[in-house]
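> the sequence and its predicted three-dimensional model are supplied below.
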Amino acid sequence: MSAIPADPNVTADSATPRTETNYLNADWSIKSWLLTGDHKRIGILYLVTVSFFFFLGSIAAGLIRYELTAPAGFILESETYNKVFSAHGIIMVFLFLIVAIPAILGNFLLPLMIGARDMAFPRLNLLSWYLFMIGGACIMGGMINGGVDSGWTFYVPYSSMYANSNVTMVLTGIFIAGFSSITTGINFIVTTHKMRAPGMTWFRLPLMVWALYATGVVIILGTPVVAVTLLCIIFERVFHLPIFSAELGGDPVLFQHLFWFYSHPAVYIMILPAFGVQSELIANFARKRVFGYHLIAFSTLAIAGLGFLVWGHHMFISSESMYQGVVFSLISFLVAIPSAIKVFNWTATLYKGNIRLQTPMIYALGFIGLFTIGGLTGLFLGCLGTDVHLTNTYFIVAHFHYVMVGGAVTAFLGGLHYWWPKMTGRLYPESIAKWNAVLVFIGFNLTFFPQFIVGFMGMPRRYHYYYFAPEFQPYHIMSTLGSTVLALSFIIPGLYLTRSLTKGAKASANPWGAHGLEWETSSPPPTSNFLQIPVVLDEVYDFDPVTEHEQDKAAQALEVPSYLSNEAKSIESEKEKR
Amino acid sequence: MAAIASDHGHGHGHDEALHHQFEDMEQQNDSYIVGMWTFLVTEVMFFGALFLIYTLYRSMYQMDFFLAHEALNVQMGMINTFVLLFSSFTVAMSVRYAQLQKKWGVLSMLAITQVCAGAFMVVKYFEYQEKFGHHLYPGPGFGSHPEYLHGATPNFAQLYFGLYFGMTGLHGLHVLIGMIVIGYLMAKWWRNSPMVTKDYIPTELVGLYWHFVDLVWIFLFPLMYLMPKP
Amino acid sequence: MFSNFPATPPQASSFSREHDLIFYALLALTVIFTVMVGIGVIYFVIKYKRGSDADRSRPIYEDARLETAWSVIPLILALIMFYFGTKLFITMRVPPADAQEIFVIGKQWMWHVQHSNGVRENNTLHVPAGKPFKLTMISQDVIHAFYIPAFRAQMHVVPGRYTTMWFTPTQPGKYHLFCSMYCGTQHSEMGGTVVVMEPREWANWIENGGQSQATLTLEQSGERLYKQLACNNCHGAEDNMRAPSLYGIWGKKRTLTGGRSVIADQSYLRESILRPHNKITNGYSNTMPVYDGQINEEDVLKLMAYIKVIGSSVGGPSSSGTDTAAAVLNGTKGTMSPFAANAIQYQNSSMRRVDSTPTTRSGELAVNAIAAQQEAKGN
């Protein structure tokens, strides 16, 4: 296909590894995993730990949902409830969303996609995982030992002077996990700049790589700021260093500025890689080059840049000046445009494609719908007049769950299914996975759509009781029912994916007939990814829907099932190479 | 790491200093340089946030900050500034010697840098000790000796000293880390490790970091010690 | 929609209608775009599903005109929405000159409201329809947010600085008042009710110190109770067959059956109300019912106060000058919501100091005010 060996002296057939040795079975010892520099193994380590944290965060979410079914609650005390929603937010944001796609899929794919043997700094990459683990352990330790009840936003002076819970330890954990993020970001940037295979020009990069690069930029510019801000709270709690406390002359609103300067771009740390995954899925399963590749690439960078100029839209009613509000609102409306462009371009990609409705594609199509709603409801909140009423309510909760769960988690699941054969060398059961993808879509909408309505009605977020406003109850019951479905639809993939590790059919190098360097090495890849560094000669997403359709027709005429013909085709192309 | 080592070098150069993921020394050095500068960007953002906080509060409480800053010892700050500036020069010289592959030149210049860094920390120690003696550290006991506040409102003076200890403290931490890194680099040179002797880039990277630490102080010194009367 | 299953908040202020118009315009945009994208996706998926015989020749991969169109059209729509949203926001943030000022203090976990004439209330806010009000707010501890969904009005309440919000209520009724900024353990219970009254009704309310009727003095309540319990049926202005008159009885010497005599003091009166058979006045028989267990101690105090008054000035209770402050305090207690019951009582003296410096934005002033307030509290 696209790659030829770089060195003519090496015999061509070494391009396809014949041995069974791959990065998974190269060495079975635990030490070899814990001291690995291999980006693929680090990706797998992240997958295991992040899944664990996602499980914990989901339990907290379930507790919240069941508690809210009754207006006066029935399981938890208010104090415990506050600790539970804080735990949900902190785990999901800092230990799941920020790391899920960049650190799992990004780590695994970036070198494979650009034709490199590894990240530029493998040991730094491993350090990043250890920092994440230490940070995660600190956060967990704080939550078990006293809990934390300040919400994931840690607004001062509540978090600095009034909270009696173990805020210090949790903040220390987030601070450490922040450095894990930074090291990952540095690796992404350097790897993209310097490790591309010969012929892999910037405009031949898969859009996933563009997205990871932009994510790296956001990480290195934003994370240090929040690190220092949280450090200030730690110092205030431990050494009485008065930075944000109003009683000592500090400015509590300054904390919000610094916090959102990171935490708004952090939203893009979560969603930009999801865009990348989405572009890969749409292109592969529509069998067509992504429509407007350049525009998508540029809009990715535009989002990363503009994302740093809109933090004030979290603070329209927080006593920032009216003029600040107007400027931030305007830029927020502008940042919506690149996202809209992406949605239209993905839709247009489907036009004249050769669409295969396999599991990752169902996630990708669901993503388009959910992200459209999530993005557009963002306009309600970026719009000054309506934000005054809607902010701090369940409307905002619903909005960011549409973007974070409907967007990032859906894309993560889609990407996980898509690259699962590459990561593990096994195929997952297609039909159950397909129906489960539909279940995710239904459960998600059932959970979060009612929250838009209850938010518009004025239910503030982070409320434990609402016995004084019983009109909110029907929506909470609906939401809880939906969350049960959603929980089920997260458990099922956990089960069948785990089972596929041993029972799944062996995957070929390119089970999807996809285009991209990661599919040109074996599944799972060898430790050094490519036996020879490939040279890229053709354009990105070089699909041909017309020819493929004709081949399908021909295969049908021969009454050969189409998926077999595809396998046959890839085998043939390998033969051609020899 | 065994797995990696075994995969090392498929048909490309057998340079001992070359890591397996790179094709050649040029790619490796380029990566190091881009990586270092990217890291320095994060450092700029890290200190940038603190400078922003400082700027805001100084503009809010100009007079109190001015009065509180009179408690600082300008002479000591000045000595430290020159010590650090000189150490930047010696680090630059060590990079030059590394380019010329002169082992003893590099080692002597780095040794002088270490001495400068140590001197900086010692001066810092005496400065901190004086402030602690005057109860000028934030906390419940702050300002219990009002004569050292020079008439500044205690709350705002506390804010000033909070920023003073926070910012110079973090800078001091960076100096300490720099000393460790330079020590490590010296050990590598001492043992003629090919990692540093084959190419001057690792030495230059340490130099870059040291210049950055120096640069932060160049901003800290006038902001903290040299305030005009508002 | 349905009365017991609402999907929209009530519209009760001058902002509500404009806000909802913008909201529904945005909702329409959301629906149109989502449906458009949805239909596009479904149509393409069906038409170009693998194996379908659709025409796939000459696919397009970039089209400058198309891409410009779907960048520029959303941009224009976004700017239009930005304009209307900003217009409403500026209206919301600039209070009219004739707005009456109300001060609000937030603290964990209750709201203190002080009207400009000194009437204060906790966790409730009484305002008349049709009149603009400006709320000047500050927090005593952490950040809170004053949120009235029916008014579409919300603003953070920050320690160390004043924030303001304003509104003109339009629709009489009772509405939710929430703290919408997470503020600690009882965050969800830091709220209450906003009562929008008819202007005339409110005028009475504010004049009576926060009561819908004039506050009754202890004597007045006693008089009312005296009639309510029908004491006056027997104990009239003159001694009669059934019972002695109580007019002027306070402090007098009474002769009992059996010849003993007592002074008509508090303990005698209390005993005679609760257990009249113990000490019967000479010449009367035991006909009075026992009130022990029928009325509480507070009622006894009220009756006693009334009896004392008719004792000193014959002809009815005097409308003696009531202590306004006490009345106001009573009034506040009367309207206190259940949330307030748990909360700590607020000091009278400290509140005035903060309210007397209604500066909009001055870190130093506000901080000093808070410091002074805490000092006062400490004393």
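Yep, that arrived. Predicted model only: the values in this text are computed from it and were never measured. Numbers count the residues shown, from 1 in each chain, chains lettered A, B, ... in the order given.

> neighbours of the spatially closest residue to residue A:72 that is not a sequence neighbour, how many?
In space, residue A:72 comes closest to residue A:467 once its chain neighbours are excluded; the distance is 4.4 Å by CB to CB, 6 or more residues apart in numbering or on different chains. Placement of C-beta: from N, CA and C, glycine included. Residue A:467 has 13 neighbours, counted by other CB atoms under 10 Å in any protein chain shown.

> for residue A:471, same thing?
19.

> surely it meets residue A:457?
Yes. Using CB atoms under 8 Å, residue A:471 is in contact with residue A:457, at 6.9 Å.

> any common contacting residues for the two?
The contact sets of residue A:471 and residue A:457 overlap at residue C:6 (CB atoms under 8 Å, 6 or more residues apart in numbering or on different chains).

> still on that earlier bit, thought the residue nearest to residue A:72 was touching residue A:74?
No. With contact defined as CB under 8 Å, residue A:467 does not reach residue A:74; the gap is 11.6 Å.

> thinking again about what came up before, for the residue nearest to residue A:72, phi and psi?
phi -60, psi -20 (degrees, to the nearest 10).

> gap between it and chain B?
As judged by CB to the nearest CB, to the nearest Å, residue A:467 and chain B stand 41 Å apart.

> confirm residue C:114 sits in a strand?
Yes. Per DSSP: H, G, I helix; E, B strand; the rest coil, residue C:114 lies within a strand segment.

> quick revisit: got a pLDDT number for the residue nearest to residue A:72?
Residue A:467 carries a pLDDT score of 91 in this model.

> and the one 5 residues further on, by the same measure?
Note for residue A:472: predicted pLDDT of 93.

> report how many residues lie close to it.
Other residues near residue A:472 number 23, with proximity taken as other CB under 10 Å.

> how close does it get to chain B?
39 Å.

> try residue A:118
As judged by CB to the nearest CB, residue A:118 and chain B stand 4 Å apart.

> in three-state terms, label that residue for me.
At residue A:118 the chain is in coil, as set by three-state DSSP.

> for it, give me phi and psi.
In terms of degrees, to the nearest 10, the main-chain angles of residue A:118 are phi -160, psi -180.

> equivalent analysis for residue C:148, please.
Per-residue torsions, residue C:148: phi -120, psi 100 (degrees, to the nearest 10).

> cool, and the one 10 residues further on?
Geometry field for residue C:158 lists phi and psi as phi -110, psi 140, criterion degrees, to the nearest 10.

> for the residue of chain C found nearest chain A, what are its contacts?
Proximity of chain C to chain A (CB to the nearest CB) peaks at residue C:149, 2.5 Å away. Contacts for residue C:149 (CB under 8 Å, 6+ apart) come out as A:389, A:393, A:457, A:458, C:9, C:175, C:176, C:178.

> give the buried residues for the helix or strand harbouring residue B:180.
With secondary structure defined by DSSP states H and E, residue B:180 is part of helix B:154-190. Using 16 or more other CB atoms under 10 Å in any protein chain shown as the test for burial, helix B:154-190 gives B:154-168, B:170-172, B:174-175, B:178-179, B:182, B:185-186, B:188-189.

> centre of the chain to it, how far?
How far helix B:154-190 lies from its chain's middle: 6 Å, per CA atoms, centre = their mean, to the nearest Å.

> is the helix or strand that comes right after it up against chain A anywhere?
Counting by DSSP H and E, the next helix or strand C-terminal to helix B:154-190 is helix B:194-197. No. Helix B:194-197 stays clear of chain A (CB under 8 Å from any CB of the partner chain), getting no nearer than 13.2 Å.

> helices or strands next to helix B:194-197 in the packing?
When contacts are defined as 3 or more CB pairs under 8 Å, 6 or more residues apart in numbering or on different chains; DSSP states H and E, helix B:194-197 packs onto helix B:154-190, helix B:201-225.

> residues of that helix that come out buried?
For helix B:194-197, the neighbour count (16+ other CB under 10 Å) marks B:195, B:196, B:197 as buried.

> show the pLDDT at residue C:338.
The model reports residue C:338 with a pLDDT of 32.

> helices along the stretch 251-400 of chain A, start to end?
In the stretch 251-400 of chain A, the segments counted as helices under DSSP state H, counting those that start in this stretch are A:252-285, A:293-306, A:322-350, A:359-382, A:384-390, A:394-403.

> of all those helices, which lies closest to chain B?
helix A:252-285 (5.8 Å).
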